Structure formats: C-alpha cells, structure tokens
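K.L.:
pasting a predicted model and its sequence here:
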Amino acid sequence: MEKIAILVDSAGDLPLELIEKEGFYLLPLYVNLDGKFLRDRLDISPDEFYDWVRSKESLPKTSMPSPGDIQALLEKIRDDGYDKLIAISIGSKYSGTFNALNLAEIEGLDVFALNTGNLTLAEGLFAVYAKKLIEDGKTFAEIRDILSEKIYDSKVFFTIDSFKYIVEGGRVPKSFAKIGDALSVKPIVKTSQPEGGFEIVKIVRGEKKVFRQLEKIADQYLANAKDYYMFICHGGYEEGLVKLRDLLKDYIGRASLYIEEQISPTLGANTGPGLFGFGFFILD
C-alpha cells in the first residue's frame, strides 16, 4: 500500500498550525536580514519582517532552499516511512525551488514536484487539496494527474500600496513605477500559470476603486462556483484584509475552507508592505 507524504514550501503561506495539524512537511525559503540568513516563517515571522522593512526603508535579499536542505528533508520523509512524496512548489518563474525539487533523487522515495505557477495560498492550497485526494483513496499516479490539471483553477489577485518595493525587486520597469506613483494609481495584479509571473489586470486610481474591482473579480469567478477554498492575504496591511473580508463575506461564507494569512517574508521581499488581496482554489 502506498504511503504518500505532502511537502509544501514556505512561499505557500499555509499557517504553521495547519501544517502541523495536517502533517505536511515544510521546506522554508530564506531571507537575508543584516547578513543573517533566516528561515522563512521559522526564524522570522511576517510581523518581524515588515517591521524591519519599514525601519530600513529597503528590501532584503531572498534565496531558495539549498540542495542540502532539500536532501535532508527528503531523507527524513523517507525515514519517517513514506515511499511517495507530493512536493508543492512556488512557481518556477519566482524561484528555483521547483527545479531543485524536481531534480532531487532519494533512494526509496518517489518524488513528484508540482510547479503550481503560483505563490502564497494559491500555491499552498494545493497541499490541502492533495490531502483530500489521499483521503478519497486516490493513487499517487492519479493525484499527480489531477493536481497537474488544477493549476489553472487556483488564482490570486492583489494590489500594492507603492511601486517602490516591487521595482527594487525587479518586477516592473522603473519608468512605469514613476508614472504609477506620480498619478497615485494602483494595479490589480494576478499570477500567470503555468509557470508563474505577474500580469496587471487593471490599473485604477484610489483604494475605493481597487475594492470595487476586486469585488467584480470575485463575482466573475465565484458566483457560479459550487465548491471552492478561499483566502484573503495581506502584507503588512491588516486594514486592507479587514475591509476585503467585509466586502467578500458572502463568498467567504460559501467556501468549504477559508484562511486569512499574512504573506511570508520571502514574498514580501518583492512587494514591500501595503499589499492585500484574495484568492481561491475551485474544486468544482
């Protein structure tokens, strides 16, 4: 009988208590603060990270897990009695973590690395769904196929307070950022599957219009959805989360799973404080 483990990296933003409860294995990415490499969510919390960013007015560097980290964790999974592993990874355009997991070979452990093409809980919810498939009695091969087919059904939409940090992270052209901040406009951004990357859905002026657009997006994707997971996330801007929660309360009430979370330091290192948004994983 197959014994299947589930691994998720820290960019998936699953709450640590949920990871422990579900028995997932966590592979942390790293953030470099003041010359110290800290494990995302383990050595530094999101609150501590955003406090550091505000005090320094700059963004730190991040790095993927080392080959040694991956080797050690996969050996532990095998030694814990598992012979199969579903490894849920941040999109390959954001990090080299997927490629490292995909190349990993451990004797006695069959590894399937999933390039979700996503990040934050739009990535992490794949682990929750994989656990459901295991509980439903699906085989390892069936789970690989089902997860691969679902990469277009998990989405996140968000906005940022300022282009300052996302420019420093190399995510948008500097010229665009100067125009954006000068005109006080805000982008609605989504991730792009299958490999990842950012797409600007719309540019609006003022936060009220941001909320209006996010509500329209929720209507577009969730009005007719029968079953779905849902989340709201923020990066150093809890007020945005609270407002969005109230705005989308009807959709939250219909979700079979709802999570609120602050995005991880390794993701926040590319956006800075002031981010908020929502996402979902459509089951049916």
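P.N.:
Received the coordinates, thanks. Fair warning: this is a prediction, and the values are worked out from it, not measured in the lab.

K.L.:
which parts of the chain are strands?
P.N.:
4-9, 25-27, 30-33, 36-39, 61-63, 84-89, 110-115, 154-159, 185-191, 198-205, 228-235, 257-262, 275-282 (DSSP state E).

K.L.:
and these as JSON lines, adding mean pLDDT?
P.N.:
Formatted as JSON lines, these follow (pLDDT from 0 to 100):
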{"stretch": "strand 4-9", "mean pLDDT": "98"}
{"stretch": "strand 25-27", "mean pLDDT": "98"}
{"stretch": "strand 30-33", "mean pLDDT": "92"}
{"stretch": "strand 36-39", "mean pLDDT": "93"}
{"stretch": "strand 61-63", "mean pLDDT": "90"}
{"stretch": "strand 84-89", "mean pLDDT": "98"}
{"stretch": "strand 110-115", "mean pLDDT": "98"}
{"stretch": "strand 154-159", "mean pLDDT": "96"}
{"stretch": "strand 185-191", "mean pLDDT": "88"}
{"stretch": "strand 198-205", "mean pLDDT": "87"}
{"stretch": "strand 228-235", "mean pLDDT": "97"}
{"stretch": "strand 257-262", "mean pLDDT": "97"}
{"stretch": "strand 275-282", "mean pLDDT": "96"}
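
K.L.:
can you redo the ones you listed as CSV with distance to residue 136 and mean neighbour count?
P.N.:
Placement of C-beta: from N, CA and C, glycine included. Formatted as CSV, those follow (distance: least, Cβ to Cβ, whole Å; neighbours: other Cβ atoms under 10 Å):
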stretch, distance to residue 136, mean neighbour count
strand 4-9, 12, 25
strand 25-27, 21, 21
strand 30-33, 35, 20
strand 36-39, 33, 16
strand 61-63, 36, 16
strand 84-89, 14, 26
strand 110-115, 17, 20
strand 154-159, 18, 22
strand 185-191, 27, 21
strand 198-205, 33, 15
strand 228-235, 15, 25
strand 257-262, 15, 19
strand 275-282, 16, 26
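
K.L.:
closest one to residue 251 among those?
P.N.:
With Cβ to Cβ as the measure, strand 228-235 is the member of those nearest residue 251 (6.4 Å).

K.L.:
first to last residue in stretch 94-114, what's the distance?
P.N.:
In stretch 94-114, first residue to last residue: 14 Å (Cα to Cα, to the nearest Å).
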